[in-house]
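K.L.:
Below is the structure, and that's it, no one-letter string:
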């Protein structure tokens, strides 16, 4: 299935956090925190201002990003979990 976000929204695949912390303690799924790092899968065309000018997106497909803990809307597509969020919800791009 092809998903194309609208306006200034992006489709993000959350990156899984490591299961074992320092000291070898295994964290059960119910106690894990939501991931705050992900990879952009698709990018919308950008938002349009009130005077009709298009503002291009600062992020692009394949960027690794940091986002707020409760940002975006969770969706499931073809059995995979994703987030759809506005570009303004993205806190930073992680350099490769």
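P.N.:
Now that the structure is in, tell me what you want to look at. The structure presented is a predicted model; accordingly, all values stated were derived computationally and were not measured. Numbers count the residues shown, from 1 in each chain.
K.L.:
so who does the nearest residue to residue 15 once chain neighbours are set aside touch?
P.N.:
Distance criterion CB to CB, 6 or more residues apart in numbering; nearest residue to residue 15, sequence neighbours excluded, is residue 37 at 4.8 Å. Where you see a C-beta, it was placed from the backbone N, CA and C, and this is true even at glycine. Residue 37 is in contact with 14-15, 64-67, 94, counting by CB atoms under 8 Å, 6 or more residues apart in numbering.
K.L.:
ok, now which ones touch the spatially most central residue of the chain?
P.N.:
Centroid check for the chain by CA atoms, centre = their mean gives residue 12 as the closest residue, at 3.2 Å. Shown in contact with residue 12 (CB under 8 Å, 6+ apart): 38-41, 65, 67, 72, 82-85.
K.L.:
Please identify which helix or strand holds it.
P.N.:
strand 9-14 (DSSP states H and E).
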